[in-house]
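Q: Model the structure of this input:
(chains A and B, ligands or ions: 2)
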Amino acid sequence: MIEAINIHKYYGNQHVLKGINFRINRSQFIAIMGRSGSGKTTLLNILSGLDWPDEGSIYVNGNRLNFTNDTKMTEYRQKKVGFIFQFFNLLDNLTLFDNVAIPLYLNKKYDTKKVLDTLVRVGLINHKDKLPAQLSGGERQRGAIARALIHNPEMIFADEPTGSLDSETGESILKLLKSLHTESKTTIVLVTHDNLVAKWAENIIHISDGVIE
Amino acid sequence: MHTIKAFFHIICSDFKREKTLTILSIIGVALGIALYISVSIATDRGIKTFKSDVYSLSEGYNYEVVPTTDQFISNNFYKKVSQITNDLSPVITINSIMDNVVQDYLKIYGIDIFTVKVDRFFNQFEGALQDFFTIPNAIILNENFAKTHKIKLNDTINLIVSDRKYTFIVKGFYSTKVLPENFVIMDIGNCQELFNIYGLSRIDVYLKNTKRLSNILPPNYLLLEKNDMLQRKESIVQSFTYNLKFISFIAVLVGFFILYNAVFTSVIKSRPNIGILRCIGFKRQHILLLYIIKGAIIGLTGSIIGIILAQFLSFFSISMAEKTISTIYTPISIYDVFLNLKNILQALTIGIATSIIASIISAYEASKVSPISASLPSIAETSFANLYKISFICGIFLTFSGILISLFEYLKHPFNQPLLSYVGIFLIIFGFTFITPIYLKIFLKIIKRPIKKAFSFIGNISLNDISGSITRFSTALVSVMISSALIISFFVLIHSFERNLTEWIDQNLKFDVFIKASSCSSNFCFEPLSTSVNDILKDFKEIEDVNQFRTLQGFYEGKPTLFGFANEYVVKKYTKNIIDPDIGKKKEVAASEYFAIKYNIKIGDIIKIATPEGTVAFRVREIFKTYSSTMGFLIFDRYWLEKLWHKDDTTQLNIYLKKGASSSEFIKKLESRLPSSVAIDIYDNNRLKVRVLEIFDRTFAITYAIQIIAFIISLIGMINTIFTIILEKSHNISILRYIGCSYNKIKSIFMCSASIVGLAGIFLGFILGGLISFIMIKIINIISFGWLIDIFIPYSSIAGLLVLLYITIIASVFIPVSYIKKINVKKSINF
Ligand SMILES: Nc1ncnc2c1ncn2[C@@H]1O[C@H](COP(=O)(O)OP(=O)(O)OP(=O)(O)O)[C@@H](O)[C@H]1O
Ligand SMILES: [Mg+2]
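A: Numbering: from 1, shown residues only, chains lettered A, B, ... in the order given. Ligands and ions are numbered 1, 2, ... in the order given. I've put the predicted structure just below:
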């Protein structure tokens, strides 16, 4: 369960988030929608602990996130969070296999079989030794999803995961997320400005002018 | 106009973004230039001062007559010359040392003031001119020298000549523009009288035609063109200066690498921008120009800072060059310690030229970016991958050519200076540099398993990082390689030298007490000790044997050669256990290794020596090692000194005491009996040995200093490259941060990469260093100094040194690695 209470964020004079309040229950699939520049990525960064609010707090399972403690925040991202970006962001020097294995290493739970299983699950087992540059956009995104889910995080944050893919490939990615949600009961927070994408979610939160509508 | 504005804007914003990198590159260039320029200044000023007695007083004269078998030219001959021409000037030169704390070396010149053609010489004369002739100890000093030592007109100063103190009265000053600061001018008549000299050190003469003078020239005098004499003088110290310039040039080279690295990084980082620039209509030439200008700005800034630094460094380097030249050749004091326009221009030229060359490579790469390929930085890496093989082949080729031409020089000695070997070493360094990418790849393959096992995740990521940016990490590797090679080669050189020297000391310095004149600060001096010293020694019963040593400046085949005269009987008795009372009377000579190499002489050969009694043939009895001179050195028995040179004086004394006699007591007793006018230095055996090693250290002082600076520059190179890598990797670092990798883990990844590259670099540097030290010891040293030394590799100390080096490298990586925290994670990621 994630709870945001009165989140404010400023960039200089620009007041980007103006008192955001919401609550996402465990195992929910939520879509956050809003116009470009409305603060979606900012909000997601705060939820995942990479950015911090200027005011307000985030509670995860009843515990307040302590944004000033870098070790705690790193641990939070490492254990509880999986992240999917619009532009995949795989490490370009590592093979797909190694990229997917990183979270296991970080959690000191390395297990070859688990990596292989996850790659099978996202349908990339035949590509495991390729470098990201040798994969298609959709394959990269599936790789990124594999990396996001391999350590069984409680929640996955996805920022426009289909934004740079064609609609068909996008749909297969969303199917994958959906199955993840139903099978592993992972909380999924997905940012998009595409109504068709948002339909996959159980609930939709709209942001406009820094507040939730 | 718009293009210029855009250029300016782009360059400024680039510098802002890469502040640390730019600053480090500037420091690298500045240090390299500062070192090279300060060494150049030190050696150039050293040579200039060393040569000053040839050109300073002899303006307007184109020839000089010098004695070859004796110290002086007879007054009679002077009279004969003056019958041929009256355009001539007699000169006496005497080395002296000022009786003060600093012990400035001063050269006393006895001259006929009316024949000196130096412009405005008299204008600067402040005293009463007739005093100069009538007062027997009147001298004229340099006005600057007088100012720094607070000497006024009519003051008296004490100078030590050989082992005697003399008091002089200052009767005038001359301007620094006219003569160097360490010149003391005396009337020649007074000079001859005061020092009991019945002759002249040289005759300066103006000749349109040398024929008439050549006809009356006795075989033991040499008529030399002034320019020729300058060259001969220069050639004596040339080895020394070449050596230093060579080493300091390596520092410039490392600076070059750093700069190259900086511009290259900037190109890689700006690839997307370059693509955009190309899209909006920038031509390829524009891009090329842009990066060349960038490099030139760094070079210019670096040079300017380098010039300022060079001025500071020069104070040290000059004093060290002064010490070295004074020890091995002749005492000099250098007063001209400020950079002149020529030095500044030289610094700017080197700085800007190297930076333009360094940036052209990267700029060319940048200009090839097509408008559409404005994407990932790793593309640059792959485009380089194809070059690795070619680079490897070039590297092997360069290395072998370097080895081959050095080998050729070793066998054939084609030049006076080891020029081929200098070039050879550079070729080898370049060769090794070109080999690095492939070498690094192979190295990674070998250590892959153990590293993965030992550092699982971290090791894996860092291994992949390295193999994904081979070019980049190769640059870091080159920095480490060069610094470790430099350290190893100098260490081996100095250690081998020290070992050989200690062995030499143990074999040769068998006497108990050593005596020399106080003013004699070089290894050899030509001014004899007073006879009173010898007389006093006669009263000492504890003396078993005395070796009275005499050095003369001689010539062999017209080239300056050191002549030594010893009691061979005594020497052989103590160093070789040979008792041969007749050894001295044989027409035999001992030749130094340098002499033997230079003139291709073997034991048993007959060599012809010019003596006051004409040319005499001597058989070469033995070839001996010496580390005290870099000239050819011949040692005769004193018997021949008397018989052929008609001299019976001494410049150094080696005293062997009877068994059981204490040298410290002997020295005490001797000192108490010496008259106060005698200024000699007395050493017991231990103190002498220490002194010899001290002199050795002094000779190497400047080398140590250069080495340290070169090392610092290489370290900066390493830091800079790691910085570059971190900047380049900021995207990957951010991703790792997103998925929950802690700062410390990311740091560990970079430390791991640095350790791998450091290890690879040190290993390659070890091989390179070995090669360089071999060439330095076995070729350069022999050709330059005639020092044959055996190589001693102190394995355990080198191992320790390498570990230390390794720690230093890893510690230095902490500086750029701590920058990881400053990376803006959100900005570096593609949302
Ligand atoms: N680091 C920053 N510094 C200053 N302003 C920022 C920064 N990051 C974001 N902003 C501003 O905050 C606002 C919200 O940005 P955010 O990236 O959250 O928008 P978004 O909703 O994700 O937009 P999009 O749909 O285009 O991705 C924008 O106006 C942006 O300019
Ligand atoms: Mg966004």
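
Q: hey, let's count contacts and neighbours off CA atoms from now on
A: Fine.

Q: Now do the strands for the stretch 401-550 of chain B: every range, in order, please.
A: For the stretch 401-550 of chain B, the strands defined by DSSP state E, counting those that start in this stretch cover B:513-517, B:543-556.

Q: out of those, nearest to ligand 1?
A: With Cα to the nearest ligand atom as the criterion, ligand 1 lies closest to strand B:513-517 of those, at 77.8 Å.

Q: contacting residues around the closest one?
A: Outside strand B:513-517, the residues that touch it by Cα atoms under 8 Å, 6 or more residues apart in numbering or on different chains are B:162-163, B:528-529, B:651-657, B:663, B:667, B:679-685, B:688.

Q: who touches residue 181 in this structure?
A: Because you didn't say which chain, this covers chain A. A:Ser27, A:Gln28, A:Phe29, A:Thr187, A:Ile188.

Q: hm, I was asking about chain B
A: B:Leu141, B:Asn142, B:Glu143, B:Asn144, B:Phe145, B:Tyr335.

Q: Filter the contacts of strand B:513-517 down to the buried ones.
A: Among the contacts of strand B:513-517, those classed as buried by neighbour count (16 or more other Cα atoms under 10 Å in any protein chain shown) are B:162-163, B:528-529, B:651-657, B:663, B:667, B:679-680, B:682-685, B:688.

Q: The residues you listed in strands, which ones?
A: B:Gln652, B:Leu653, B:Asn654, B:Ile655, B:Tyr656, B:Leu657, B:Ile680, B:Ile682, B:Tyr683, B:Asp684 (DSSP state E).

Q: The helix or strand where B:Ala251 lies packs against which elements?
A: Element membership for B:Ala251 (DSSP states H and E) is helix B:226-269. Applying 3 or more Cα pairs under 8 Å, 6 or more residues apart in numbering or on different chains; DSSP states H and E, we find helix B:226-269 packed against helix B:19-55, helix B:284-328, helix B:341-367, helix B:470-508, helix B:685-728, helix B:781-785.

Q: Looking at strand pairing, list the partners for B:Tyr683.
A: Beta-bridge partners of B:Tyr683, counted by DSSP bridges, are B:Phe514.

Q: now do A:Leu190
A: Beta-bridge partners of A:Leu190, as defined by DSSP bridges: A:Ala31, A:Ala158.

Q: okay, now it: neighbour count?
A: Using other Cα atoms under 10 Å in any protein chain shown, A:Leu190 has 25 neighbouring residues.

Q: That one contacts A:Ala31, doesn't it?
A: Yes: A:Leu190 is within contact range of A:Ala31, at 4.6 Å (criterion: Cα atoms under 8 Å).

Q: which SS class is B:Tyr639?
A: For B:Tyr639, the assignment made with DSSP: H, G, I helix; E, B strand; the rest coil gives helix.

Q: what's the spacing between it and chain A?
A: In this view, B:Tyr639 and chain A are 81 Å apart by Cα to the nearest Cα, to the nearest Å.

Q: ok, that residue touching B:Lys585?
A: Yes: counting by Cα under 8 Å, B:Tyr639 touches B:Lys585, with 6.5 Å between them.

Q: what does chain A have sitting close to ligand 1?
A: A:Tyr11, A:Val16, A:Arg35, A:Ser36, A:Gly37, A:Ser38, A:Gly39, A:Lys40, A:Thr41, A:Thr42 (Cα under 6 Å from any ligand atom).

Q: Surely the second one forms part of a strand?
A: So the one you mean is A:Val16. Yes: counting by three-state DSSP, A:Val16 is part of a strand.

Q: Any idea which residue is closest to the centre of the chain?
A: Let's take chain A. Nearest to the geometric centre of chain A sits A:Phe157, at 1.8 Å (Cα atoms, centre = their mean).

Q: Not quite, go with chain B.
A: In chain B, the centroid-proximal residue (Cα atoms, centre = their mean) is B:Leu244; its distance is 2.8 Å.

Q: residue boundaries of the helices in chain A?
A: Ranges of helices in chain A, per DSSP state H, are A:40-47, A:70-80, A:96-106, A:112-121, A:137-149, A:167-184, A:195-198.

Q: Also the stretch 501-650 of chain B?
A: Using DSSP state H, counting those that start in this stretch, the helices of the stretch 501-650 of chain B run over residues B:531-537, B:568-575, B:593-598, B:638-645.

Q: Now distance to ligand 1 too, for those, in a markdown table please.
A: Shown next, in a markdown table, are those (distance: least, Cα to the nearest ligand atom, whole Å):
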| stretch | distance to ligand 1 |
| --- | --- |
| helix B:531-537 | 88 |
| helix B:568-575 | 82 |
| helix B:593-598 | 72 |
| helix B:638-645 | 89 |
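
Q: of all those helices, which gets the most neighbours per residue?
A: helix B:593-598 (a mean of 22; mean count of other Cα atoms under 10 Å in any protein chain shown).

Q: now for the helices of chain A, which one comes closest to B:Thr301?
A: helix A:70-80 (39.8 Å; Cα to Cα).

Q: isn't B:Ile775 right next to B:Ser406, touching?
A: Yes: look at B:Ile775 against B:Ser406 with Cα under 8 Å: they come within range, at 7.2 Å.

Q: From the structure, what's the count of residues near the closest residue to chain B within chain A?
A: Relative to chain B, the nearest point of chain A is A:Gln78 (3.8 Å; Cα to the nearest Cα). Per other Cα under 10 Å, the neighbour tally for A:Gln78 reads 24.

Q: mind checking the SS state of the residue lying closest to it once chain neighbours are set aside?
A: Using Cα to Cα, 6 or more residues apart in numbering or on different chains and skipping residues adjacent in sequence, the residue nearest A:Gln78 is B:Gly740, 3.8 Å away. With three-state DSSP as the basis, the three-state label of B:Gly740 is coil.

Q: So what does B:Gly740 look like in phi/psi?
A: When read as degrees, to the nearest 10, the backbone of B:Gly740 gives phi 90, psi 30.

Q: Can you read off the pLDDT for the residue nearest to the centre of chain B?
A: In this model, B:Leu244 is scored at 77, pLDDT.

Q: Verify the stated contact: it with B:Ile41.
A: No: contact criterion Cα under 8 Å: B:Leu244 and B:Ile41 do not qualify, at 11.1 Å.

Q: Which neighbours do these two have in common?
A: Common neighbours of B:Leu244 and B:Ile41, counting by Cα under 8 Å, 6+ apart, are absent.

Q: what does chain A put close to chain B?
A: Counting by Cα under 8 Å from any Cα of the partner chain, the residues of chain A close to chain B are A:50, A:71, A:74-79, A:81-83, A:85-87, A:89-94, A:102-103, A:105-106, A:148, A:159.

Q: what's near enough to touch residue 30?
A: No chain was given, so I picked chain A. A:Ile30 touches A:Ile24, A:Ile188, A:Val189, A:Leu190, A:Ala201, A:Glu202, A:Asn203, A:Ile204, A:Ile205, counting by Cα under 8 Å, 6+ apart.

Q: Let me rephrase: I mean chain B.
A: B:Gly255, B:Thr301, B:Gly302, B:Ser303, B:Ile304, B:Ile305, B:Gly306, B:Ile307, B:Leu309.

Q: and the gap between the fourth one and ligand 1?
A: When distances are taken as Cα to the nearest ligand atom, to the nearest Å, B:Ser303 and ligand 1 turn out to be 38 Å apart.

Q: residues contacting that residue?
A: Counting by Cα under 8 Å, 6+ apart, B:Ser303 has contacts B:Val29, B:Ala30, B:Ile33, B:Ala34, B:Ala347, B:Leu348, B:Gly351, B:Ile352.

Q: and which of those residues is nearest to ligand 1?
A: Using Cα to the nearest ligand atom, these come closest to ligand 1 at B:Val29, 35.5 Å.

Q: so what's the residue lying closest to B:Tyr105 once chain neighbours are set aside up against?
A: Nearest non-adjacent residue to B:Tyr105, counting by Cα to Cα, 6+ apart: B:Ile97, 4.6 Å away. By Cα under 8 Å, 6+ apart, B:Ile97 lies in contact with B:Gln103, B:Asp104, B:Tyr105, B:Leu106, B:Leu159, B:Ile160, B:Val161, B:Ser519.
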